[in-house]
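Novice: I'll drop the sequence and a predicted model, then ask my questions.
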Amino acid sequence: MLNAMRENFRHLKWVLWIVAISMVLYLGYYFGGSGGGRRSGADEDWAAVVDDSTIGSREFLEAARRADEYYRQVLGDQYEQVREQLQLGRQVVQSLVDRRVMLAEARSLGLAASPAEVSREILSQPTFRDESGRFVGKQRYTAMVSRSYPGGVAAFERNLADDITIDKWRNLVTEPVRISDREVLDVYRSRSQRATMDLVVVPAAAQKISTQISDGDVRSWYEAHEERYRRSEGRRVRWVVVARQAFLAKVQVADDDVRKYYEANREKMQRPEQRRARHILFAVPESAAPDAKETARRRAEEVLDRIRKGEDFAALARSLSEDPGSAKNGGDLGWFARAQMTPRFAAAAFDTPPGQLAPVVETEFGFHVLQVSDSRPAGAVPFDEVKDGIKRQLELQRAQEEVQTEARRLREDAATPKDLDAAAARANLAVTERVVTRETPPADLGPSPEFLDTVLQMAPGTVSEPLGVAAGLAIVAAVEAVPASVAPLQEVRDQVRTEILNARAREAAATAARRTLASSADLAAAARALGTEVRTGVEIVPGRNLPGAGRSPELDRIAFSTSAKAGDRGVVETESGALIYSIQAVQTFDPAKFETSKGEMRNELLGQRRAEVLQSILDGARQRHKIRINDEMVDRLRG
């Protein structure tokens with residue numbers, strides 16, 4: 001959760017969707033000054049085209065300026081260090097393309113904004129009201145818009161009409177979204193219910209099991225779990241990968257090149273004042289009821305008192321913190337600048353001397369127990385600290401250039417699927433054939449939305465352009481469309497075998513746990529018999545992973561049943577083995593409190609669900625429109 005605070009620029013897609021669509025300003029950097037003059041030529045006239053609607057260079061650059069200014073404010077001095085990673089041009093042009101797509105979708109449904117709706121929107125904007133709250137009048141309104149908006153009143157009102165039309169489309173396509181009473185209840189339980197337990201983890205991986213699996217075993221498992229292997233419509237494809245690693249060994253980067261890069265980019269090597277800290281988070285949403293917040297605050301205060309009395313901070317963080325990103329590291333957040341954290345957390349971290357504990361901090365994520373471990377002043381990052389990273393970066397850049405050249409050559413040789421084998425053989429590359437669906441993406445290629453989205457839209461008999469994958473670039477040939485079905489056993493045989501072995505190991509872990517608990521006086525004795533330790537005071541939250549054990553729906557059911565009480569103990573299976581548990585305390589479900597907060601929670605969940613549905617619909621809508629991007633122009637905004 002705190003990782004999200006530290007790396008908020010990774011959420012750029014959604015923020016820019018709002019910023020770049022709704023506001024535009026003139027980007028002077030590209031039209032004058034020492035930063036770079038405007039070049040003449042056709043490549044400057046447009047940034048993208050959606051069907052027959054052109055996004056001009058000025059519109060693109062104006063939107064990019066607003067996004068640039070926004071991130072300077074959010075990230076402060078850190079902005080220059082991460083600016084290139086943001087790929088600002090790509091994000092901005094995508095937001096403008098999405099706006100055109102949504103507008104086209106709305107108009108295809110006959111949606112439009114009436115003059116009366118535009119007038120009402122103008123009259124509702126505080127900008128156009130005087131001190132008494134009345135409309136400033138047509139003359140003053142015209143003057144205000146003409147001064148501040150490119151194109152004057154006509155362009156402003158046309159853009160406002162488009163906004164209204166797009167809003168109508170959004171509301172229309174997300175109106176069917178509903179949140180069931182059960183969903184609201186489940187989320188409320190996950191946020192309010194807690195149980196404290198002592199646990200002994202019995203890992204499946206440590207169990208001795210038979211690895212002999214007969215064909216009959218495979219067939220029986222497959223038939224008993226057939227629905228696990230159901231897949232949506234997909235494509236049978238064949239691909240080759242031009243791997244970056246194959247070129248890295250050939251790339252040479254001299255020490256002088258590294259030093260030159262450092263000197264040329266010295267302004268990007270500055271870092272602001274930083275702190276290193278660890279924290280324990282007790283999560284509670286900012287919109288939570290006061291009593292829920294007070295409960296979380298008390299828990300944080302109690303843990304802070306335990307640390308002051310000598311308990312180990314890291315051990316408590318691993319067992320109690322509800323920030324999964326840092327909990328496994330004992331709460332350590334590493335080095336961070338003030339701008340990387342939410343303001344209240346940053347203020348506490350930078351006001352607390354190294355080695356000291358801060359008072360409990362409340363942020364929009366919940367309540368934090370915070371300990372500052374170290375600090376370092378602002379200044380240039382020493383060359384020795386970054387030289388290895390710079391060298392690796394330059395090697396990767398040069399290797400990627402080689403990969404792109406080789407992939408383009410390979411694609412020219414493989415104009416049709418029939419040509420792929422011969423082209424791959426000449427390049428000494430292996431061809432892989434597989435059925436790809438939404439449910440069964442090629443995990444060995446790593447996460448690649450571009451690959452999956454493109455492949456599932458390919459017509460049989462076509463060959464893709466080079467597609468980015470984790471290892472490099474892939475050339476894909478579509479063999480045939482595969483209808484929705486249960487995958488044949490021969491295609492999932494390896495998966496079935498793995499699942500059989502995992503099930504055997506989990507069962508063996510549960511058997512060992514039950515046998516040990518039955519012969520032990522308490523959990524400490526059971527842990528000694530198993531050669532491990534008891535994890536004390538572990539907080540159990542419905543649906544949340546347990547450190548080192550994964551999820552256990554069975555443990556949730558037991559912990560939060562109406563009959564659960566302190567002193568209960570037993571054994572449950574988990575995703576990765578089994579647990580011996582002993583309940584220490586239970587915070588049960590409060591129906592009265594749920595009734596008072598479920599309306600607000602339903603609205604919160606409805607907003608989240610509608611945003612998810614809207615994004616899914618928009619992803620599909622893009623496929624229905626012809627979209628072209630002026631890569632040369634857009635990529636000039638890399639840094």
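Specialist: Received, thanks.
Novice: going forward, measure contacts and count neighbours with C-alpha atoms only.
Specialist: Fine.
Novice: pLDDT weak spots in the stretch 201-350 of the chain?
Specialist: Under the criterion pLDDT under 70, no range of the stretch 201-350 of the chain is flagged.
Novice: can you give me the helices in it?
Specialist: Using DSSP state H, counting those that start in this stretch, the helices of the stretch 201-350 of the chain run over 215-224, 244-248, 255-264, 290-308, 313-320, 324-327, 343-351.
Novice: I'd like these written out as TSV, with mean neighbour count and distance to Ile164 added.
Specialist: Below are the helices of the stretch 201-350 of the chain laid out as TSV (neighbours: other CA atoms under 10 Å; distance: least, CA to CA, whole Å):
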stretch	mean neighbour count	distance to Ile164
helix 215-224	13	52
helix 244-248	17	47
helix 255-264	14	47
helix 290-308	16	37
helix 313-320	21	47
helix 324-327	20	40
helix 343-351	17	34
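Novice: residues near the nearest residue to Ala471 once chain neighbours are set aside, how many?
Specialist: Nearest residue to Ala471 in three dimensions, chain neighbours excluded: Ala243, at 5.2 Å (CA to CA, 6 or more residues apart in numbering). Neighbour count for Ala243, taken as other CA atoms under 10 Å: 21.
Novice: Let me see the contact set for Ala243.
Specialist: 403, 471-473 (CA atoms under 8 Å, 6 or more residues apart in numbering).
Novice: Helices - which of these land there?
Specialist: The helices, defined by DSSP state H, take in Val403 from those.
Novice: Closest one of the contacts of Ala243 to Gly331?
Specialist: Set against Gly331, the nearest of the contacts of Ala243 by CA to CA is Ala471 (31.9 Å).
Novice: pretty sure that closest one contacts Gln245?
Specialist: Yes. The pair Ala471 / Gln245 is scored as a contact, 7.2 Å apart, by CA atoms under 8 Å.
Novice: Check the gap between Pro359 and Val479 for me.
Specialist: 62 Å (CA to CA, to the nearest Å).
Novice: In terms of neighbours, single out the busier of those two.
Specialist: Val479 (21 against 15).
Novice: State the number of residues packed around Asp556.
Specialist: So Asp556, with other CA under 10 Å, has 19 neighbours.
Novice: State the helix or strand in which it lies.
Specialist: helix 553-559 (DSSP states H and E).
Novice: avg pLDDT for that helix?
Specialist: Helix 553-559 comes out with an average pLDDT of 86.
Novice: Could you do stretch 489-498 as well?
Specialist: Mean pLDDT, taken over the full extent of stretch 489-498, equals 92.
Novice: Now it: buried residues?
Specialist: Within stretch 489-498, the residues that count as buried by 16 or more other CA atoms under 10 Å are 489, 493, 496-497.
Novice: Now the buried members of the contacts of Ala243.
Specialist: Members of the contacts of Ala243 classed as buried by 16+ other CA under 10 Å are 403, 472-473.
Novice: from the residues you listed, which is closest to Ile164?
Specialist: Leu473 (41.1 Å).
Novice: Now do the residue of the chain most remote from its centre against Phe128, distance only.
Specialist: Most distant from the centre of the chain: Gln139, at 47.5 Å, with distances by CA atoms, centre = their mean. Using CA to CA, Gln139 is found at 11 Å from Phe128.
Novice: Identify, from the buried residues of stretch 489-498, the entry nearest to Tyr70.
Specialist: Closest to Tyr70, out of all of these and judged by CA to CA, is Val496, at 49.9 Å.
Novice: right, and the closest one touches Ala224 too?
Specialist: No. With contact defined as CA under 8 Å, Val496 does not reach Ala224; the gap is 11.0 Å.
Novice: immediately after the lowest-mean-pLDDT helix or strand in the chain, which helix or strand?
Specialist: The weakest-scoring helix or strand in the chain, judged by mean pLDDT, DSSP states H and E, is helix 12-22 (a mean of 32). Proceeding C-terminally, helix 12-22 gives way to strand 46-50 as the next helix or strand, assigned by DSSP H and E.
Novice: So for that following strand, what gets flagged as buried?
Specialist: Applying 16+ other CA under 10 Å to strand 46-50 flags 46-50 as buried.
Novice: And stretch 387-395, by the same measure?
Specialist: 387, 390-391, 394-395.
Novice: next one: stretch 391-410
Specialist: Under 16+ other CA under 10 Å, the buried positions of stretch 391-410 are 391, 394-396, 398-400, 402-404, 406-407, 410.
Novice: From the chain's centroid, how far away is it?
Specialist: Averaging C-alpha positions (CA atoms, centre = their mean, to the nearest Å) puts stretch 391-410 27 Å from its chain's average.
Novice: So for it, mean pLDDT?
Specialist: 88.
Novice: Also stretch 368-385?
Specialist: On average, stretch 368-385 scores 89.
Novice: Residues touching it, excluding its own?
Specialist: 259, 262, 266, 269-282, 300-301, 303-304, 349, 352-362.
Novice: Name only those of the residues you listed that count as buried.
Specialist: Judged by 16+ other CA under 10 Å, buried ones among the contacts of stretch 368-385: 262, 269-282, 300-301, 303-304, 349, 352-354, 357-358, 360-362.
Novice: returning to that earlier point: can you tell me which of the helices of the stretch 201-350 of the chain is nearest to Pro441?
Specialist: Using CA to CA, the helices of the stretch 201-350 of the chain put helix 215-224 closest to Pro441, at 20.0 Å.
Novice: now for the closest one, which elements pack on it?
Specialist: helix 489-518 (3 or more CA pairs under 8 Å, 6 or more residues apart in numbering; DSSP states H and E).
Novice: can you give me the angle the helix it packs on makes with helix 215-224?
Specialist: With axes from the mean of the first three to the mean of the last three CA atoms, to 10 degrees defining the directions, helix 489-518 sits at 90 degrees from helix 215-224.
Novice: what angle do the helix or strand following helix 489-518 and helix 489-518 make?
Specialist: Beyond helix 489-518 in the direction of the C-terminus, DSSP H and E gives the next helix or strand as helix 523-530. Relative orientation of helix 523-530 versus helix 489-518 (the same axes, to 10 degrees): 120 degrees.
Novice: model confidence over helix 523-530, on average?
Specialist: 94.
Novice: Would you mind measuring from the residue nearest to Ala339 when sequence neighbours are not counted to Pro150?
Specialist: Of all residues not flanking Ala339 in the chain, Leu75 sits nearest, at 5.1 Å (CA to CA, 6+ apart). Going from Leu75 to Pro150 by CA to CA gives 28 Å.
Novice: The two - which one has more neighbours?
Specialist: Per other CA under 10 Å, whichever of Leu75 and Pro150 has more neighbours is Leu75, with 22 against 16.
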